[in-house]
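Asker: Sequence first, predicted coordinates after that:
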Amino acid sequence: MDHIEKWGTSIDEAVELALDDLKVSRDEVNIQVLEEPSKGFFGIGAKLALVRVEKKPVEKKEIKENEIKEKKEAVKEEVKTEKKEKPSKPEKQQKKNKNSKKKEHVNIALDDVDVDSLQVVVEHEALDFLKEVSEKMGLSLEFVVRTGEDLVYIEMSGKDSRTIIGKRGQTLDAVQYLTSLVVNKDKNNYIKVVLDAENYREKRQKTLEQLANRLASKVVKTGKYVRLEPMNPYERKVIHSTLQRNGKVTTRSEGEEPYRRVIIELKK
């Protein structure tokens, strides 16, 4: 069901009833008021509100969350299967590899990437994987792959680069995570993988820095703490680093992944 019409004593009530039936949020629909409510005269002639709520059309090339999830699970399962087939390693080496793999969940800060020192390559397993993913998603993208001793940096461009970024970089982060799994499969030493498109990483970092300073000023002015929206580890690191030298506020993180968020509060 893509649309529905609902009655209510008010427009807001009618909209909420429609959203419940469609199982969507307000930002996912278009709302049209068909009839305005009226209280009438002493209750006589009162009219209900009538609204039409319709789901917004989905872009043809939008990357679905379940598609990313399925691909992610497939790669994980492949890695898990191959590990079982290999002979066991000494406990010390296993522990080292386990700790290294934890890095796959952490986004790489731009400060960690020296692009100029990297070498452009035309063949790479990451490139093969990304071409396959983009083809299956129906995306038109071009890739430039640069490599170093322990780093793979990939720039993506093309008419669908905004699609691969996704809302607040969520799609970009998911594809980066998958690419990291592919690159580090069967590797003893962990290799960092960074994906970027339309210089998004740098733009996002500047946006977060501005946000951190603006909210810190608000905390100082009001005396009340501010709780930010959930962020990934890299974005939280930007907030913490930006306000580290601020003598009036302090920051901390709370919650569990993927809903962990930063709290900005006055220094005591």
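Answerer: That came through fine.
Asker: rest of the way, CA atoms for contacts and neighbours
Answerer: OK.
Asker: shaky segments in the stretch 51-200 of the chain?
Answerer: 58-114 (pLDDT under 70).
Asker: can we see that at 50?
Answerer: Where the stretch 51-200 of the chain drops to pLDDT under 50, the residues are 60-63, 83, 87-89, 91-92, 94-106.
Asker: Would you confirm that residue 153 contacts residue 145?
Answerer: Yes: contact status for residue 153 versus residue 145: in contact at 6.0 Å, counting by CA atoms under 8 Å.
Asker: Give me the nearest residue to residue 229, chain neighbours excluded.
Answerer: Spatially, and ignoring its direct neighbours in sequence, residue 229 is nearest to residue 261 (5.9 Å; CA to CA, 6 or more residues apart in numbering).
Asker: Please name the bridge partners of the one you found.
Answerer: Beta bridges link residue 261 to residue 254 when assigned by DSSP bridges.
Asker: cool, and the one 5 residues further on?
Answerer: Following DSSP bridges, residue 266 is listed with bridge partners residue 249.
Asker: show me what contacts it?
Answerer: Taking CA atoms under 8 Å, 6 or more residues apart in numbering, we find residue 266 in contact with 219-220, 223-225, 248-250.
Asker: Residue 126 too?
Answerer: Neighbour list for residue 126: 179, 182-183 [criterion: CA under 8 Å, 6+ apart].
Asker: now, which of those lie within helices?
Answerer: Using DSSP state H, 179, 182-183 are the members of the contacts of residue 126 that sit in helices.
Asker: so how far is residue 231 from the residue nearest to residue 229?
Answerer: 6 Å (CA to CA, to the nearest Å).
Asker: and what of residue 208?
Answerer: Residue 208 is 11 Å from residue 231, by CA to CA.
Asker: Walking through the protein, point out its helices one by one.
Answerer: Using DSSP H, the helices of the chain run over 11-22, 65-85, 91-101, 125-137, 161-165, 170-184, 200-222, 233-242.
Asker: Run the chain-centre distance for the first one.
Answerer: Between the mean C-alpha location of helix 11-22 and the chain-wide mean there is a distance of 28 Å, by CA atoms, centre = their mean, to the nearest Å.
Asker: What is that helix packed up against?
Answerer: Contact analysis of helix 11-22 by 3 or more CA pairs under 8 Å, 6 or more residues apart in numbering; DSSP states H and E lists strand 3-8, strand 49-55 as its packing neighbours.
Asker: quick one: average pLDDT of stretch 5-16?
Answerer: Averaged across stretch 5-16, pLDDT comes to 84.
Asker: For that stretch, list the C-alpha coordinates in CSV.
Answerer: The C-alpha atoms that make up stretch 5-16 are tabulated as CSV, following Å, rounded to 0.1, in the frame of the first residue of the first chain:
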residue,chain,number,x,y,z
GLU,A,5,-6.7,8.6,3.3
LYS,A,6,-7.5,9.1,7.0
TRP,A,7,-10.0,11.1,9.1
GLY,A,8,-9.2,12.6,12.4
THR,A,9,-10.3,15.3,14.8
SER,A,10,-7.2,17.3,13.8
ILE,A,11,-4.8,17.2,10.9
ASP,A,12,-2.0,15.9,13.1
GLU,A,13,-4.2,13.1,14.4
ALA,A,14,-5.2,12.0,10.9
VAL,A,15,-1.6,12.0,9.7
GLU,A,16,-0.4,9.9,12.7
